[in-house]
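Undergrad: Model the following, please.
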Amino acid sequence: MMNSIYLATEGEGVHLGTPQVFVRFQGCNIGCLNCDSKDTWEFEDRLGLSMDEILVQIHEKSNSGRIRRVSITGGDPLHPKNVPAVSKLARELKARRYFVNIEASGTRLVHEVFDSIDFISFDFKTPSTGVETPLESVKKLSEQYEGRFQIKSVIENEKDFDYVLGAAEKLGEFSFPWVLTPAFNLGELLPFERFNKIIKWNEKSGGLFRVIIQQHKVIHGADKKQV
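TA: Residues are numbered from 1 along each chain as shown. As a prediction, this is how the structure comes out:
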C-alpha cells in the first residue's frame, strides 16, 4: 500500500541535509496525537503500483540512479500489512546498491526488515504523542544494531523532555545518537521559544542528546508535503 514516492532532502535526524528518495507507505493505526501525516493512516493503496513499477519510479526520482539513498517511511511501514512489501522492496534496493533507511515508529521491532537495510531511524515516543515506546526496544536495538540506528523523540514541552531524560538515565551510558526534535506543529510558525528551551534543558542535563529542528519545515512551512 503506497502513498507517494518523491525526491527530497532529509529534513531531520542525523542525516539532515542528505538528498534521498522517500518511499511513503500507506496505513497506520498507531494514532500519535501530534502526527503531521494523518493522510497516511487509512489502509488503502493510493498509487496501485507493482513492485517493478515502484522500482522504476525510484530510479526515475533518483535522477536515473545518481542519488543512491532511499528512505522507507509512512504511515507505518512496519505494520504487518506492509511488512511483506517493505521487506521485498528493501532486498531489491540493496541488490541495486542503494543505501536504505527505514523510519520506524518505535512500536515494533521487525528483524526481517532491520537485518536487510543499512540504517534504522527509531522513534522513542513522548507523552505529548499519546503513544508509549518500550525502553526494552531501545536496549535491543543497541545490542543488535550497534552503529546502524538513531533514536528520535519529538519534544513538545518540558514534560516530554523530562520523560526522555528519565529513559536515558535508566539506560545508563549509551553511544548511539539520540535526537530531540522540537515539535513544529501543523499551522505553527517557527517555534523559536520551544527550540531554545530544549537546547537549554539539554545543556543543563549534561548534553546527552542532539537537538535538531525539522529543516524542511523551516524552509517550506509546517504544512507542505513531499519536501
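Undergrad: the strands in this protein, which residues?
TA: Assigned by DSSP state E, the chain shows strands spanning 2-9, 19-25, 69-73, 99-104, 119-123, 149-155, 178-182, 210-211.
Undergrad: give the contact list for the residue most central in space within the chain.
TA: Most central in the chain under Cα atoms, centre = their mean is Glu103, positioned 3.4 Å from the mean C-alpha point. Contacts for Glu103 (Cβ atoms under 8 Å, 6 or more residues apart in numbering) come out as 71-74, 77, 121. (Glycine included, C-beta is placed from N, CA and C.)
Undergrad: can you do 6 Å?
TA: Contacts for Glu103 were tallied using Cβ atoms under 6 Å, 6 or more residues apart in numbering; they are 73, 121.
Undergrad: Just the pLDDT for the residue located most distally from the centre of the chain.
TA: Computed with Cα atoms, centre = their mean, the residue of the chain farthest from its C-alpha average is Lys204, at 26.7 Å. We have a pLDDT of 98 for Lys204.
Undergrad: Can you pull out the low-pLDDT segments for this structure?
TA: Along the chain, no part satisfies pLDDT under 70.
Undergrad: now the helices for it?
TA: For the chain, helices defined by DSSP state H occupy the ranges 51-61, 83-95, 111-114, 135-144, 158-171, 192-204, 215-220.
Undergrad: Now do the second one against strand 69-73: the angle between them, please.
TA: Counting by axes from the mean of the first three to the mean of the last three Cα atoms, to 10 degrees, helix 83-95 points 170 degrees away from the direction of strand 69-73.
Undergrad: what's the angle between helix 83-95 and strand 2-9?
TA: Per the same axes, to 10 degrees, the angle that helix 83-95 makes with strand 2-9 is 40 degrees.
Undergrad: Among the helices of the chain, which comes closest to Ser37?
TA: Nearest of these to Ser37, taken as Cβ to Cβ: helix 215-220 at 12.5 Å.
Undergrad: How far off centre is the closest one?
TA: 16 Å (Cα atoms, centre = their mean, to the nearest Å).
Undergrad: circling back to that earlier point, any chance of the strands of the chain in JSON lines, plus distance to Phe192?
TA: Listed next are the strands of the chain as JSON lines, based on distance: least, Cβ to Cβ, whole Å:
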{"stretch": "strand 2-9", "distance to Phe192": "22"}
{"stretch": "strand 19-25", "distance to Phe192": "27"}
{"stretch": "strand 69-73", "distance to Phe192": "27"}
{"stretch": "strand 99-104", "distance to Phe192": "26"}
{"stretch": "strand 119-123", "distance to Phe192": "24"}
{"stretch": "strand 149-155", "distance to Phe192": "14"}
{"stretch": "strand 178-182", "distance to Phe192": "9"}
{"stretch": "strand 210-211", "distance to Phe192": "13"}
